[in-house]
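Participant: my questions are about this predicted structure, shown below with the sequence.
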Amino acid sequence: MGDTVQHELVIIGAGPGGYVAALRAAQLGLDVACIDREKLLGGTCLRVGCIPSKALLESSALYAEAKTGALGAHGIGFDGLGLDLKKMLARKDKEVKALAAGINGLFRKRKVTRYEGHARFVEPTRIALESRDGPREVVAKNVIIATGSRPATLPGVELDGDRIGTSTEALAYPEVPGHLVVIGAGAIGLELGSVWSRLGARVTVLEYLDRILPGMDAELAAEARKIFARQGLEFRLGVRVTGARKTKNGAVVELADDEPPVECDRVLLAVGRVPNTEGLGLDAIGLETDGRGFIPVDDAYRTGVPNVYAVGDVIPGPMLAHKASEEGIACVERMVTGYGHVNYDAIPNVVYTEPEVASVGRTEGQLQRAGIDYRKGSFPFMASGRARALGHTEGRVKVLADAESDRLLGVHIVGPRAGDLIAEAAVAIEFGASAEDLGRACHAHPTLPEALKEAALDVARRAIHI
Ligand code: FAD
Ligand code: NAD
């Protein structure tokens, strides 16, 4: 073993959970180090997740607007539309690198020590680090595990890192596939399926359940499915994939129940993600994972092992970057100040399709199952002046409020810039607002948030424009 270094806090993983925790710990005066085995900081989210996918979603949406004639409705026409995929992919890579360099800069500014290498527990506060420069030992008073997640696999689906791959490959296909089969109609399947469909691929989405986007409000997910189908995504719901293998020129996906196999050029497997705990030495410190491989924690993010904490995708809960970051901050604040928490009722969830699907709080199905009496307001973007000016009138806002107290319980949006609109609803829920509070607040005209105000007013059947 090489030299031993010592810190007050060591964080394993530099994704949005780990790197944000490191920056907050440094602000609070801790001597903190962050270990990641990848050269680029930022984790899954920055390297092969949120940011590259959003870069491609943006580029492909611009291309689709031009190609499908949507710009023509504005009186804008041109000849010779072209697609330079190499350039589109290079722009995405450039933005990723710039943001990763930004985190490096923040680490330097806040004096966070950075180690590049694979971390493995030897003891709860003693970590073996395998790096290119050889082995080393890192000792700390406290350790936070923020090792994130990786794509789930499916028995029989033979991933080859090329024709049959995960989101990582689908962020960098070298050419537009003729026919792409997506397994799973969750956030990844719909976002990356949309990217390649807009760029010209035929996209077939195979989903085990009888609906898309499980976890999102069922009514709005059904509305979104119709819109995506009109855009050209082919959905086959209620089908069970039993295997996928490479063929001479492409791939074939096999289905259960005598359904005929589907031939295609590429397969994107997007059936969820699993926590990263392998090779971490959890056995050595007696830390047990739950039945699904997640690390159980208490409300201060303490694991069952003293001085060892965990946050982000590696613990139970929604696998979202902002959830990981909030947990990283709360964990460090609890450790240093004794205060800090995450309100899990106010975590927004956004799918960046066109239109976007966004949600915060509880769905109608969850309220019904919990026996909570609620009232519902709704407002279509068709009736929004700003949506019409934008030329994006599909979708609606739905507001759910407690029938007795009028407290906001959930807000669900399918529509233009829903991911930005949901922020207001998240703040309102965080502050315990009622639907009437939201409906009475003055909203600038003409803006998309007016649709939120109107849906809130509709809870008491007082919407003005419907
Ligand atoms: P991660 O970001 O996974 O980071 C963990 C880090 O730990 C990694 O860098 C890994 O290399 C490192 N590591 C693991 N084990 C070790 C070890 N033993 N030693 C050293 N280093 C180790 N979420 C959103 O909120 N919005 C989105 O738009 C969004 N889009 C996504 C798109 C895609 C295609 C994917 C795949 C995911 C997306 N997500 C999105 C989910 C989001 O990326 C994750 O929720 C988030 O990255 C979790 O953060 P984390 O810090 O817990 O883990
Ligand atoms: P997901 O859990 O969102 O969706 C997976 C889908 O695959 C589900 O609809 C599920 O029913 C289906 N499925 C499971 N097994 C199947 C089978 N055998 N055959 C057919 N369908 C099957 O998972 P994902 O889309 O892979 O995303 C992984 C994680 O990353 C999610 O937790 C998500 O929150 C996160 N993510 C978030 C964003 C975002 O916030 N915009 C974007 C991408 C990913």
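Facilitator: Arrived safely. Ligands and ions are numbered 1, 2, ... in the order given.
Participant: and residue 2, what pLDDT?
Facilitator: pLDDT for residue 2: 73.
Participant: what lines up beside the helix or strand hosting residue 8 in the sheet?
Facilitator: Taking DSSP states H and E as the definition, one finds residue 8 inside strand 4-12. Pairing partners of strand 4-12, with direction, according to DSSP bridges: strand 32-36 (parallel), strand 134-145 (parallel).
Participant: buried stuff in it?
Facilitator: By neighbour count on 16 or more other Cβ atoms under 10 Å, the buried set for strand 4-12 is 5, 7, 9-12. Glycine gets a C-beta too; all of them are placed from N, C-alpha and C.
Participant: could you do stretch 425-441 as well?
Facilitator: For stretch 425-441, the neighbour count (16+ other Cβ under 10 Å) marks 425-426, 428-429, 433-436, 438-439 as buried.
Participant: the longest helix along the chain vs strand 32-36, what angle?
Facilitator: If you go by DSSP state H, the chain has its longest helix at helix 85-110. Note on geometry: by axes from the mean of the first three to the mean of the last three Cα atoms, to 10 degrees, helix 85-110 and strand 32-36 are set 160 degrees apart in direction.
Participant: after the strand holding residue 8, next one along is what?
Facilitator: On the C-terminal side of strand 4-12, the closest following helix or strand by DSSP H and E is helix 18-27.
Participant: could you list the residues in contact with that next one?
Facilitator: For helix 18-27, contacts defined as Cβ atoms under 8 Å, 6 or more residues apart in numbering pick out 9, 11-12, 14, 32-34, 36, 41-43, 103, 106-107, 110-112, 144, 146, 311-312, 324-325, 328-329, 331-333, 336.
Participant: and with 6 Å instead?
Facilitator: By Cβ atoms under 6 Å, 6 or more residues apart in numbering, the surrounding residues in contact with helix 18-27 are 9, 11, 32, 34, 41, 103, 106, 110, 112, 144, 146, 325, 328-329, 332.
Participant: of the strands paired with strand 4-12, which approaches residue 88 most closely?
Facilitator: For the strands paired with strand 4-12, proximity to residue 88 was assessed by Cβ to Cβ; strand 32-36 is nearest, at 27.5 Å.
Participant: hmm, the helix or strand following that closest one touching ligand 2?
Facilitator: Reading on from strand 32-36 to the C-terminus, the next helix or strand found by DSSP H and E is helix 43-48. No: against ligand 2, helix 43-48 shows no contacts by Cβ under 6 Å from any ligand atom, the least distance being 8.5 Å.
Participant: what residues of the helix or strand just after helix 43-48 count as buried?
Facilitator: Read in the C-terminal direction, the helix or strand following helix 43-48 is helix 50-67, with elements assigned using DSSP H and E. Buried residues in helix 50-67, counting neighbours by 16+ other Cβ under 10 Å, are found at 50-53, 55-61, 63-66.
Participant: relative to residue 319, which of those residues is nearest.
Facilitator: Scanning the buried residues of helix 50-67 for proximity to residue 319, where the rule is Cβ to Cβ, the winner is residue 50, at 11.1 Å.
Participant: residues in contact with the nearest residue to that closest one once chain neighbours are set aside?
Facilitator: Sequence neighbours aside, residue 321 is the residue nearest to residue 50 in space, at 5.3 Å (criterion: Cβ to Cβ, 6 or more residues apart in numbering). When the contact criterion is Cβ under 6 Å, 6+ apart, the partners of residue 321 are 16, 45, 50.
Participant: tell me the pLDDT of the residue nearest to the first one when sequence neighbours are not counted.
Facilitator: Once its chain neighbours are removed from consideration, residue 16 has its nearest residue in residue 321; the separation is 4.1 Å (Cβ to Cβ, 6+ apart). Residue 321 carries a pLDDT value of 98.
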